[in-house]
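S.K.: With the sequence up front, the predicted model follows.
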Amino acid sequence: MPVTEMLKLAPSPERGQRQCADLRSWGSHRPRMFVTYKVISAGVVVRPVDPRGTFRSCPGSGHIDTRNRSTRDDFRGVSCGLAGPADYFAAIDIGRRAVCHVAGDAA
């Protein structure tokens with residue numbers, strides 16, 4: 001689950017829960033910082049990539065179109081018909097971007 005989605009699950013601060021109000025004031029940078037710290041301390045290499053457009057890029061054909069993701073959960077490539085869970089295909093795209101980033105560093 002993306003960090004931004006986890007923050008949405010927190011109860012609203014109107015219920016008098018000070019801790020949740022603090023969580024909502026973090027934005028996405030602070031949780032990302034905590035996750036990155038934990039991952040690095042576990043010995044995993046972190047490759048930050050730009051996530052923009054990952055929701056509309058088809059891993060099968062490479063075709064980018066907003067119609068590829070008609071709903072939040074479903075993905076269907078308009079050019080090739082590849083279909084499945086939208087988050088799965090976005091993760092594939094992010095992984096490919098990370099690999100390309102590493103290859104660009106080696107060049």
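M.R.: Done, it's in.

S.K.: Would you work out how far apart the start and end of stretch 80-88 are?
M.R.: Using C-alpha to C-alpha, to the nearest Å, one end of stretch 80-88 lies 17 Å from the other.

S.K.: Could you check how sure the model is about that stretch, as an average pLDDT?
M.R.: Averaged across stretch 80-88, the pLDDT comes to 91.

S.K.: With stretch 57-69 instead?
M.R.: Per-residue pLDDT values across stretch 57-69 average out to 88.

S.K.: quick one, strands of this structure?
M.R.: The residue ranges that make up the strands of the chain, judged by DSSP state E, are 74-76, 83-85.

S.K.: Turn those strands into TSV, columns for distance to residue 33 and mean neighbour count.
M.R.: For every residue, glycine as well, the C-beta is placed using N, CA and C. What follows is the strands of the chain, written out as TSV (distance: least, C-beta to C-beta, whole Å; neighbours: other C-beta atoms under 10 Å):
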stretch	distance to residue 33	mean neighbour count
strand 74-76	29	17
strand 83-85	28	12
